[in-house]
Structure formats: structure tokens, C-alpha cells
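[1] here are the coordinates; sequence isn't available:
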């Protein structure tokens, strides 16, 4: 069985794979394929973090064992190649348990291993081919036949157990724990108690031990994840001819190290493909040659490299703020692209084995807002004194600082301070645009979806204007309403109340002074962040002397977080775990399940924990206060019981129009855990990751699977 996993390797993903392994045996499959065994490609790509091992931080040497690895070991440690699948009895359909769950029995002539799963759908959701929901008892007594040939009556069997938990796997977690042994009864049955959302291996094999993670060095419990190091340089001199350069991710086409051409000595990297290969039909679509480097959150960066066009009709270029257009870069990628020689032909989805549209020849250079130059920003001639594009080395440089782009060719500036997106320094222009375009409705209401109320110090038009501005300035707000009096209505003499909402629909009835929907400003063309890249058209070309520098404060790749000391009341947001200046190291408290920000453990007033001092946004609070939240390991929720209701820490997806990372909010816990309300703690590194891809700005029409967002003190 293949491609029935490919699910994010957190606790839910482990439940998915554990359940599938057992159920596939019940269907008679002797193999289930998981991809990937090791996920080491750029964060944010399709199926990011879908492997047994995560290794997406190559420059730091950090890697992590995921829950996927532990559930796999329930099989690989207790079976051998060549064992047989034992069919279930005729009275038990597909090896199911009466209380819910399934089992599988594998045997050799002398040994036997039984694997049992009791996962609920909510704890084992897969990305595809999931059946409808089902019921599993919280606790059930399992009685199963065990083969007498391999285990006569009185044989003591070892039991290993894993139960779903949202602390990231470490030696002290709930994965692959030795449980109480069971003994085969005189009627060749075994009996044990199984809890919901757990995995059990019962085996005749002895002497097995849980593999220990290394205690230090380049390992799960050693080097912390780190951002791509800037400045970065690569001249290809230490790389074997025919090999790839480290840290570049070829998404389309293929670059290899070769002897440099164009009269240059030493090595360079060459784009090899002159036509697209034929692949299997599902993947037989190509765009244009592109190789990414850096990180998806890079905002302010300068890329410099020498380029050589070796074949006529070929183009080369550099790019910044590149995003995945979906399905593994098969399509038109948004970003900032500087080309010379030619641009890719019209298209974006070229079939293998079919001659693609001819490249569009350039008389000089062109700056575009996408990889196919469907949207051109500016263009010009090669600088005076530069040789023709083909057959000569040229130096290309593209820089983005404070959302303004500057470009140079052969050390000559060809454009400067071209505005490519809204400045990150201030949100005021976006707020003013939102206010100016908001329509005020006075004869209808928007009911429900309230998440925040504010008593205003004004009435009438002034109150409406104040509420509109509050909504425009609040990232979560999608609609607003103004009432007279805290309980609504239009006749009260009390002050006006502004109701901020996450959505809603307008109704033809009275009850509100005014209401309206927030007007989102149009998305800027160039993404606010993205990878750096070298790009080309089909044909032979080279690049050499590659350099990548941060142009933000202190050489950072993005606007760093505050350097101010942590204080109670500071808001918490969602940032990439290795974002410049982000404070992202948390630890489980000694009592109450609180999550302590490690940099506050020595504060005179005591440590600070995740909580909320206003029931709206997540903030740092004293760990001994009533407003400190608790981490619920079985569900991954960070919760507080408030006014008889469970409220959860909730991540807010950052949009392209957001000028800063959104603050985490507090909202009612949903019945089935949602991506925005599930978090996993890695005790080894202190990373408290949210499940969803919320910390990178969402761009319409692109794929975003960034699985390294952390709760952080940043603002």
C-alpha cells in the first residue's frame, strides 16, 4: 500500500500511520510505504515534516525523531522479513476489537507478534482516504487468541505501549514504553486492558529495548534549530564535479558542479536540462528551472552571483521572496525575478516530452513579479560597457530592503528603490485605506461571531468611526457593529459599545446603530517574504560566486523582534521558530501543566507563563496566577477553565496584508481539536510548535505547509 500516509508527523499523524499499518494487514497488504523516511527539504514545501525523521535545519545539524518513528518501531523491532500474516477468525471481521480498534497478528515458525490499535478518528486523521468516524471505548478489556505453536500456555509475553501525546518525542515521553507483561492462558488466549488512543505490541520476542536518542552533539537533544546563516557564500571550489552544491534546493531542472566555462578557471554550477523529461502522468508537468535557498520568512535580503549563458536563446536570473505556486513548483511562482538573456516562454505547466513554448528573448534585463514575467515591473538595457548576454560572465545583484528593490548588473545600478509591497514599518497606511473604503450600514444588523467588546467614550458618528478604526487595526476582526448600551438596542441612554466580530451575515432587522464588514486592502503583487533563488530557462547556463546577505537591521533577513526584557502582559505571537530575535524557548512547569518562558525563570517577581490578562489575546502572566494556561498533553491544547467554559490558545493565520505577526488569541475550544488549537512541545529544544502553518503570510494561489511555527515573544 502506498501514498495512504503522507500526513504531518505529529501525534495525529502517528495515530494515522499506526492505524493504517494494522488495518492494511487486515486487508492482506504485506507492505505499507511511508514517504518520507527523512524529511530534509526546505520548510514550507508540499508535505513539509511528513517523515519519520525531521532534518530541515541542515546548516545547524539539528534533527528530530517524530512519533512516526516510534509507531513504526512497534513493528520493525518485533518482526522480521519473511513472517506471515495470520488471518482473523471467521467471527471477527477484519481483526476488529469489540470495543473499537483493530489488531494484526504476524508469526514465524517459532515467534509471534500481535499489534493492537485503539485510535479515535480525531486522534488519527489522515490527509486522504479516511473512513467516517467510529467509536472506541475509553478503556476495554481485550481478549484475543494467541497461537499455541509459538506461545504455549504459561508463556510470558512482553507488552510495549505508545499513547498519543503532544510532547514531542523524547526519552521521557509516552512513546514506546514497556508495559506489564501478560501470560498465555490455558485456552491459548491473552487478556489485557487497552486505553483509547494507544498502540500495543504483544510479542514472544525478548531482549528488545527502546532505542536511545543521543545525549548530545548533532542530535535531537543537542544542537538547536537555527535559521539559515547569513552572510552566506558559495564558490563551488570544494565540491566534486558532478555533485550538487549544499543547501540549494533544485525544484525544477538540475544544477551540477562543472569546470567553469567562459574562460574562467575553477568550478561553477551548471543548469543541465535542455528539454523536459517524461514522467509518470500525475507528475508529468514542469514550469521553469528554479533552485531555492534560504528560508520562507526572508524579507530583507541581497542576492549576488555571476552568471554565464552558454547556449543561444537561454535566460538566467536571480530571485527573492519566491513562493511555491502549488504542487512542487509546477506553475507560475510569485516573487521578485531579475532576468537577462530571456524569460520562460508563455505557460507555467509544460508537459514532459513536449517541446515547451520558446523562451522570450530579452534585449537587456527585466524585473518581474512572477517567474514567467506575466507581470513586469520595470526593464532596461544592459549597462554601457557590458558584453552581450550570451557567452560572457555577468554579475547580477538583486536587493530588497524595507520593501524597496534595487538591482545591479556588472556593478552598475540599473534600478533603485522600486516599491514592491507595503512597508512593514507601519500599519497606518493599511488602516487608513481600510477605514476609507468601509461602508457603514445603518438599517441592518450583523449578528453573532462576537469576540471582543469595547465601551466607547463617544456616541453617534464619532462612535461609529472609532469602531471602524478598531476593526481595521485588529488582525482578527472581519466585521463590526455599534450598539447603544452594553446589551444592544438603539434607545438606551448608556454609552455606545463596539462589537468586533470574526465574521457574520447581514440581516434585515433593527437592533444596531450601525454595522459593516472590514475591507481588506488588495494584496500586493510581490509576497512579503520568501526564498532566494537562482532561475533560468531551458538551456545550458552557469552561476558562480554566489552570495546571500541580510539587509535588515544588524544584517538580519527580516525585521528582528524586540530586544526588550520580558514583562507580564507582553503579547505572544506566532513566528518561525528561528526568527531573528524571537524568544521561543518554553518548558513545562513543575505543577499545573503551565508553560514557562525560559528567559523569565530568574525574574525577581517569579517566572512568567502563557496565559491571558484580558481574555482576548495570549500574554505572559505570572505562573502562579489564575490566568495561567495549562498544557493538555493528550490533546495538544493549551487551555484554561473560565466562567464555566474551556477556552483555548488559538493561532491566527498571517495574511499577506498583515504588517506584523498576528497575536495569538483566546477562544472557545472546539469539540474536535483544530490545527489552530493544537501545539506540540519539544522538551529537548523548548520549541512549542503550533500544528498549522500560521506564522508565514498566506498568499492566494500558493501552497503553504510551513511546519516550524513557534509560540514566541516577539512584539
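    That came through fine. Not measured: the values here are computed from a predicted model.
[2] drop to CA atoms for contacts and neighbour counts, all remaining ones
    OK.
[3] now residue 154, what's its secondary structure?
    Secondary structure, DSSP: H, G, I helix; E, B strand; the rest coil: residue 154 is coil.
[4] need phi/psi at it.
    Per-residue torsions, residue 154: phi 90, psi -10 (degrees, to the nearest 10).
[5] quick check on the spatially closest residue to it that is not a sequence neighbour: phi, psi?
    Counting by CA to CA, 6 or more residues apart in numbering, residue 154 lies nearest to residue 184, which is 5.2 Å off, once chain neighbours are set aside. Main-chain torsions, residue 184, degrees, to the nearest 10: phi -70, psi 130.
[6] swap in residue 5?
    phi -110, psi -100.
[7] top helix in this protein by residue count?
    helix 11-26 (DSSP state H).
[8] so what touches that helix?
    1, 4-5, 7, 30, 32, 67-68, 71-72, 85, 87-88, 94-95, 102-104, 115-119, 122-126, 164-166, 197, 199 (CA atoms under 8 Å, 6 or more residues apart in numbering).
[9] inside strands: which ones of those?
    85, 102, 103, 104, 115, 116, 117, 199 (DSSP state E).
[10] now the residues you listed in JSON lines, with distance to residue 392?
    Putting the ones in strands among the contacts of helix 11-26 into JSON lines (distance: CA to CA, whole Å) gives the following:
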{"residue": "85", "distance to residue 392": "64"}
{"residue": "102", "distance to residue 392": "66"}
{"residue": "103", "distance to residue 392": "66"}
{"residue": "104", "distance to residue 392": "65"}
{"residue": "115", "distance to residue 392": "64"}
{"residue": "116", "distance to residue 392": "65"}
{"residue": "117", "distance to residue 392": "64"}
{"residue": "199", "distance to residue 392": "63"}
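[11] ok, which pair from the residues you listed is furthest apart?
    Spatial extent of the ones in strands among the contacts of helix 11-26 (CA to CA) is set by the pair 85 and 199 at 18.4 Å.
[12] those two - which one has more neighbours?
    Using other CA atoms under 10 Å, the more surrounded residue of residue 85 and residue 199 is residue 199, with 27 against 16.
[13] lowest-pLDDT helix or strand in this protein?
    When the helices and strands of the chain are scored by mean pLDDT, DSSP states H and E, strand 350-351 comes last with a mean of 74.
[14] for that strand, packing partners?
    strand 285-286 (3 or more CA pairs under 8 Å, 6 or more residues apart in numbering; DSSP states H and E).
[15] mind giving me the packing neighbours of the strand it packs on?
    By 3+ CA pairs under 8 Å, 6+ apart, strand 285-286 packs against strand 350-351.
[16] given the helix or strand that the strand it packs on is followed by, what are its sheet partners and their directions?
    Remark: after strand 350-351, the chain's next helix or strand is strand 360-370, criterion DSSP states H and E. Sheet pairing of strand 360-370 (DSSP bridges) gives strand 334-343 (antiparallel), strand 376-380 (antiparallel).
[17] how about the helices in the stretch 451-600 of the chain?
    Using DSSP state H, counting those that start in this stretch, the helices of the stretch 451-600 of the chain run over 460-473.
[18] chain center to the longest helix of the chain: distance?
    Mean-position distance between helix 11-26 and its chain equals 22 Å (CA atoms, centre = their mean, to the nearest Å).
[19] just after that helix, pick out the following helix or strand.
    Scanning onward from helix 11-26 (DSSP H and E), the first element met is strand 38-39.
[20] quick one: contacts of that next one?
    Taking CA under 8 Å, 6+ apart as the rule, strand 38-39 contacts 48, 49, 50, 51, 52, 53, 54, 55, 56.
[21] stretch 468-483 too?
    Contacts of stretch 468-483 from elsewhere in the structure, counted by CA under 8 Å, 6+ apart, are 427, 431, 434-435, 438, 445-446, 463-464, 467, 489-490, 496-504, 511-519, 652, 658, 662.
[22] select only the buried ones of those in PyMOL?
    Listed next is the PyMOL selection for buried residues among those, using 16 or more other CA atoms under 10 Å:
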select buried, resi 427+431+434+435+438+445+446+463+464+467+490+496+497+498+499+500+501+502+503+504+511+512+513+514+515+516+517+518+519+652+658+662
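[23] in strands, which of the contacts of stretch 468-483 fall?
    Short answer: the contacts of stretch 468-483 in strands (DSSP E) are 445, 446, 496, 497, 498, 499, 500, 501, 514, 515, 516, 517.
[24] need the max-distance pair from those.
    It's 496 and 517 that sit farthest apart of the ones in strands among the contacts of stretch 468-483, by CA to CA, at 18.5 Å.
[25] quick one: which of the ones in strands among the contacts of helix 11-26 is most hemmed in?
    Of all those, residue 117 has the most neighbours under the rule other CA under 10 Å, reaching 30 neighbours.
[26] gap between stretch 95-107 and the chain center?
    The answer for stretch 95-107 is 34 Å, by CA atoms, centre = their mean.
[27] what does stretch 257-265 give?
    Worked out by CA atoms, centre = their mean, stretch 257-265 lies 39 Å from the chain centre.
[28] now the terminal residues of it, how far apart.
    13 Å (CA to CA, to the nearest Å).
[29] ok, what's across the strand from residue 360?
    residue 343.
[30] then the one 5 residues further on?
    In this entry, residue 365 is beta-bridged to residue 340, residue 380, by DSSP bridges.
[31] the one 5 residues further on too?
    With DSSP bridges applied, the residues forming beta bridges to residue 370 are residue 334.
[32] let me see the contact set for it.
    Residue 370 makes contacts with 332, 333, 334, 335, 336, 337, 526, as judged by CA under 8 Å, 6+ apart.
[33] where does it land on pLDDT?
    On pLDDT, residue 370 comes in at 92.
[34] and the one 10 residues further on, by the same measure?
    At residue 380, the model reports a pLDDT of 95.
[35] before we move on, back to that, what's the closest of the ones in strands among the contacts of stretch 468-483 to residue 260?
    Of all these, residue 260 sits closest to residue 517, with 58.7 Å by CA to CA.
[36] thought residue 435 was touching that closest one, still the case?
    No. With contacts counted by CA atoms under 8 Å, residue 517 stays clear of residue 435, the gap being 10.6 Å.
[37] can you list contacts of stretch 272-280?
    So stretch 272-280 is in contact with 253-256, 284, 286, 351-355, 538-541, going by CA under 8 Å, 6+ apart.
[38] can you rerun that using 6 Å?
    253, 254, 255, 352, 353, 538, 539, 540 (CA atoms under 6 Å, 6 or more residues apart in numbering).
[39] what do you get for stretch 628-642?
    Everything outside stretch 628-642 that qualifies as a contact, by CA under 6 Å, 6+ apart, is 165-166, 593-594, 610-611, 646-649, 677-679.
[40] what segments of the stretch 101-250 of the chain are strands?
    For the stretch 101-250 of the chain, the strands defined by DSSP state E, counting those that start in this stretch occupy 102-107, 112-117, 139-145, 156-163, 177-183, 189-195, 198-203, 232-234, 249-252.
[41] what sits closest to residue 406 if chain neighbours are left out?
    Once flanking residues are discounted, residue 406 sits nearest to residue 416: 4.2 Å by CA to CA, 6+ apart.
[42] quick one: strands adjacent to the host helix or strand of that neighbour?
    Using DSSP H and E, residue 416 sits within strand 412-419. Counting by DSSP bridges, the strands paired with strand 412-419 are strand 404-409 (antiparallel).
[43] does residue 583 touch residue 713 like I think?
    Yes. Taking contacts as CA atoms under 6 Å, residue 583 lies within contact range of residue 713: 5.1 Å.
[44] tell me the most buried of the strands paired with strand 360-370?
    Counting by mean count of other CA atoms under 10 Å, strand 334-343 has the highest mean neighbour count of the strands paired with strand 360-370, with a mean of 28.
[45] hmm, back to that, buried ones only from the contacts of stretch 628-642, please, as a ChimeraX command.
    Buried residues among those (16+ other CA under 10 Å), as a ChimeraX selection:
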select :165,166,593,594,610,611,647,648,649,677,678,679
